[in-house]
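> Pasting the sequence and the predicted coordinates here, then a few questions.
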There are 2 protein chains.
Amino acid sequence: MDNIASALCTIYFQGMNQQLNPADMICYAIYSANHALTRTYRALLDPLGLTYPQYLVMVTLWGADGPLSVKSIGQTLTLDSGTLTPLLKRLEAAGLLTRMRNPEDERGTLISLTGSGRELQDRARHVPEEILKATGMEIKDLGRLKREITALRDRLEEQG
Amino acid sequence: MDNIASALCTIYFQGMNQQLNPADMICYAIYSANHALTRTYRALLDPLGLTYPQYLVMVTLWGADGPLSVKSIGQTLTLDSGTLTPLLKRLEAAGLLTRMRNPEDERGTLISLTGSGRELQDRARHVPEEILKATGMEIKDLGRLKREITALRDRLEEQG
DNA sequence: GGCAATTAGATTGTGCACAATCAAATAATA
DNA sequence: TATTATTTGATTGTGCACAATCTAATTGCC
């Protein structure tokens, strides 16, 4: 039941190569839960013209006092410039934010919300509770699960 | 602590717009845990010439008696042909499998392991326990966490 | 000042992920 | 059998994700 195969992986037990099965692997559980969440968000975010990673960037900006550097957004979301630069350009093209060099350090780019970007926060107000409903879980249990998954992620990142 | 914000989302409590924070959202926990797992796998799979999704496909084939259709691989991994067709072509180009029309139903494509594809199973034998080590968790706890994440995924898919 | 090292982003190239569309084969049925 | 609907993959186009590389700006140090 809770052997290494059911938790994660193959057992090589007395020379027997017990089958590895995606359905039994925690990595596949996380991988497929991520896909399922992305699909759930898509239905909610499509009307707002956002993808899920774009939504995460907007959430980050909505929660900030003022402009943020690409670097700080990348640190918050663990994404590099190769992912963020084109994503931010698409949000800029959509009129939700502006990108300009930091006058105090010309190496950095500052991302600022536009009025339209700020207004979107209100139109996205319902999203969290829709997601909560879709999980069918109690807030308390979700919070506990979130902490366990975060702890697992942090241990994985320690190794890397 | 376990309010809707810490579990998932914003509270609009008495008109106050409590900040939404990626670090507090379970969706971001899953999203970032998925990235962390992918990075952990990359270090192990690079020497084998596989990406993580390619590894999942190979695991699926290793666990099967004989050839599998694209459809059945897609059902196992919840991936569609737009993802699988090019991925399978890359594995074919790497000499790990062959693709041919099912003679009994010419609509289907049958995927078969080559000798080289089968040999790779042995070279990938150490992967699961390396992943287990990287999680720093007990098998028992990982199994429980896996079941909880899978249950969450299944509830999300029900809604979809 | 002059020069190496560092830092922040941008760019390029590869590979998922998936919606939408298309074509071919098969199945269902009048 | 002719017609229609369904099934299976392939294709196309958009958008992450990330390694590797490049440029420009800044910092450190002499």
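Looks like it came in fine. Numbers count the residues shown, from 1 in each chain, chains lettered A, B, ... in the order given.

> all contacts plus neighbour counts: C-alpha atoms, from now on.
Noted.

> for chain A, what spans make up the strands?
The residue ranges that make up the strands of chain A, judged by DSSP state E, are A:12-13, A:16-17, A:68-69, A:97-101, A:109-113.

> most packed of those?
Mean neighbour counts were taken over the strands of chain A using mean count of other CA atoms under 10 Å in any protein chain shown, and the top value, a mean of 20, falls to strand A:109-113.

> tell me which strands and helices that strand is in contact with?
strand A:68-69, helix A:70-77, strand A:97-101 (3 or more CA pairs under 8 Å, 6 or more residues apart in numbering or on different chains; DSSP states H and E).

> which other residues reach the last one?
Counting contacts by CA atoms under 8 Å, 6 or more residues apart in numbering or on different chains, the residues outside strand A:97-101 that touch it are A:88, A:91-92, A:107-114, A:117.

> Check those against B:Thr40 and report the nearest one.
Within the set of the contacts of strand A:97-101, A:Leu88 lies nearest B:Thr40; the separation is 27.0 Å, counting by CA to CA.

> Now do the contacts for that closest one.
By CA under 8 Å, 6+ apart, A:Leu88 lies in contact with A:Leu97.

> What mean pLDDT does stretch A:107-125 get?
Here stretch A:107-125 scores 97 as its mean pLDDT.

> Pull out the buried positions in it.
Neighbour-count burial for stretch A:107-125, with 16 or more other CA atoms under 10 Å in any protein chain shown as criterion, is recorded at A:109-113, A:117-118.

> can you pull the pLDDT of the closest residue to A:Arg118 other than its chain neighbours?
Closest residue in space to A:Arg118, ignoring its immediate chain neighbours: A:Trp62 at 7.0 Å, by CA to CA, 6 or more residues apart in numbering or on different chains. Taken from the predicted model, the pLDDT recorded for A:Trp62 is 98.

> Make JSON lines from the helices and strands packed on strand A:109-113 and add distance to DNA strand D to it.
Putting those into JSON lines (distance: least, CA to the nearest atom of the strand, whole Å) gives the following:
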{"stretch": "strand A:68-69", "distance to DNA strand D": "14"}
{"stretch": "helix A:70-77", "distance to DNA strand D": "8"}
{"stretch": "strand A:97-101", "distance to DNA strand D": "9"}
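
> Turn those into JSON lines, columns for distance to B:Leu132.
What follows is these, written out as JSON lines (distance: least, CA to CA, whole Å):
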{"stretch": "strand A:68-69", "distance to B:Leu132": "36"}
{"stretch": "helix A:70-77", "distance to B:Leu132": "25"}
{"stretch": "strand A:97-101", "distance to B:Leu132": "42"}
